[in-house]
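J.: test case, fold it:
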Amino acid sequence: MMELAYADLFGRGLECDGLFIVLPGSEVRVLGENGNEESSVRTRRAILEKRGVMTPIPGVTDRQRLNSAVAFWSKSIAARVLAGSHVPSNVWRPIHAWRSLEVVE
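T.: Take a look at the predicted model:
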């Protein structure tokens, strides 16, 4: 199990069968209107929106929450889609054993 360590976003994921699975409850930064994000990030976000897997977080305007698990080809792609910017895969860090049990609603 890994956690996202970037821009105060809550994110959990794990590697499985050559994919990186981002778990429900993980946060996704809302993209700006300026269009500076990578086109691949915008395309993937559009797919998530079309499939209805991102929901607003009450009282929060800069992030949304995944309500389903989402599989990505790599940790790097997952980080970029959640962060909305070009970030490296090393923003995913192993969760320490003493934090291995958490309830995510």
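J.: from what I can see residue 93 touches residue 5, true?
T.: Yes - counting by CB atoms under 8 Å, residue 93 does reach residue 5; the two are 5.0 Å apart. Just so you know, the C-beta spots here come from the backbone N, C-alpha and C atoms, and that holds for glycine as well.
J.: center of this protein - which residue?
T.: residue 82 (3.4 Å; CA atoms, centre = their mean).
J.: keeping just the C-alphas, turn the helix or strand encompassing that residue into PDB.
T.: Here residue 82, judged by DSSP states H and E, is contained in helix 75-83. Listed next in PDB are the C-alpha coordinates belonging to helix 75-83 (Å, rounded to 0.1, in the frame of the first residue of the first chain):
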ATOM      1  CA  LYS A  75       2.400   5.300 -10.600                       C
ATOM      2  CA  SER A  76       3.600   8.300 -12.600                       C
ATOM      3  CA  ILE A  77       0.400   8.500 -14.600                       C
ATOM      4  CA  ALA A  78      -1.700   8.100 -11.500                       C
ATOM      5  CA  ALA A  79       0.200  10.900  -9.800                       C
ATOM      6  CA  ARG A  80      -0.200  13.200 -12.700                       C
ATOM      7  CA  VAL A  81      -3.900  12.600 -13.000                       C
ATOM      8  CA  LEU A  82      -4.500  13.100  -9.300                       C
ATOM      9  CA  ALA A  83      -2.200  16.200  -9.000                       C
END
